[in-house]
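1. got a sequence here, can you build the structure:
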Amino acid sequence: MTKRVFVSCVSSVATVFAMAAGVGNAANGNASCNGLAVSSLAGAPGIVAQLTRQFHDDTKAAGLPPGSFDAEFAKVHAGSVEACLGGG
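-> Predicted coordinates:
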């Protein structure tokens, strides 16, 4: 159950970032995947706060600390939103 909820959370992130790619200006390619993702959503007011609440709720429901998803995604420096999602 825990793994299923966490996988669902990751899948949701991928879907949102795939739809939002190009909405805002991307951060420097040296930024973490968190930085790239947040900057790519800059043109959609309120979406980052809404998604953060959703991801934290999903992560807590999976029995994990609410910031664990953020912490892991912040450690990855893939160079682009697409690469962070595994498509680039």
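
2. and the pLDDT at residue 82?
-> We have a pLDDT of 84 for residue 82.

3. what does residue 54 give?
-> In this model, residue 54 carries a pLDDT of 90.

4. tell me which element it falls in.
-> helix 47-61 (DSSP states H and E).

5. quick one: the helices in this protein, in order.
-> Using DSSP state H, the helices of the chain run over 2-20, 33-40, 47-61, 68-74, 81-84.

6. number of residues surrounding the closest residue to residue 32 other than its chain neighbours?
-> Distances taken as CB to CB, 6 or more residues apart in numbering put residue 74 closest to residue 32, at 4.7 Å, once the chain neighbours are dropped. Every residue, glycine included, has its C-beta placed from N, CA and C. By other CB atoms under 10 Å, the residues close to residue 74 number 15.

7. which residues touch residue 74?
-> Contact analysis of residue 74 by CB atoms under 8 Å, 6 or more residues apart in numbering lists 32, 33, 34, 35.

8. among those residues, which pair sits farthest apart?
-> The most widely separated members of the contacts of residue 74, counting by CB to CB, are 33 and 35 (7.4 Å).
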